[in-house]
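Visitor: Need a 3D model of the sequence below.
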Amino acid sequence: MRSDPGTVPITTADGHVEVVLGDAECRQLLATAAIGRVGLSIDALPVVLPVSFVVDGDRIVFRTCAGAKLQQALHRAVVCFEVDDVDVLDDAGWSVLVTGEASEITDPADLERVRALALRPWGGDDAEHVVQIRIGLISGRRIGANR
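Guide: Residues are numbered from 1 along each chain as shown. Here you go, the predicted model:
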């Protein structure tokens, strides 16, 4: 897990400034997003699926219905999770990537606590399963125009 405060900005060949983010800033940015993308493997092929989520301590939590995301959680697969924000007008943005183990939350007390969070499913209210991704590795980058 990253714990450094970031690195010296690098100017890229196209004139942008890129900064590698430290752990604390990655976590802060992660918590500001409402929609993220879960990256997983289905039949050895990469798949990226959008979800609405909340950050709850050292885990990312989202609701889902039966399907690929739930199957990965039931097998405790290692998945990735990405959030970002882009300002097209300012030619700037950031991205945070998390890698961790997915699992379904089944403990009744934990489910009750998680359901009290502002957690709305991406695909509708039929998303009855709650999945967590434990934050194992976290990294991020911020990029902007060098003006």
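
Visitor: ranges for the helices of the protein?
Guide: Applying DSSP state H to the chain gives helices spanning 23-32, 68-74, 108-115.

Visitor: Buried ones in the first one, by neighbour count?
Guide: Under the neighbour-count criterion of 16 or more other Cβ atoms under 10 Å, helix 23-32 has 23, 25-27, 29-30 buried. Yep, even glycine has a C-beta here, placed from its N, CA and C like the rest.

Visitor: Remind me what it packs against, helices and strands.
Guide: Helices and strands touching helix 23-32, by 3 or more Cβ pairs under 8 Å, 6 or more residues apart in numbering; DSSP states H and E, are strand 54-56, strand 78-87, strand 92-104, strand 137-145.

Visitor: Could you do the shortest one as well?
Guide: Counting contacts by 3+ Cβ pairs under 8 Å, 6+ apart, helix 68-74 packs against strand 35-42, strand 45-52, strand 92-104, strand 129-134.

Visitor: What strands line up against the third one, and which way round?
Guide: Using DSSP bridges, the strands paired with strand 92-104 are strand 78-87 (antiparallel), strand 129-134 (antiparallel), strand 137-145 (antiparallel).

Visitor: That strand versus helix 108-115: what angle between them?
Guide: Interaxial angle, strand 92-104 versus helix 108-115 (axes from the mean of the first three to the mean of the last three Cα atoms, to 10 degrees): 160 degrees.

Visitor: Buried residues, strand 92-104. List them.
Guide: For strand 92-104, the neighbour count (16+ other Cβ under 10 Å) marks 92, 94-104 as buried.

Visitor: what pLDDT does the nearest residue to Ile105 once chain neighbours are set aside get?
Guide: Excluding the flanking residues, the one nearest Ile105 by Cβ to Cβ, 6 or more residues apart in numbering is Val130, at 4.4 Å. On pLDDT, Val130 comes in at 89.
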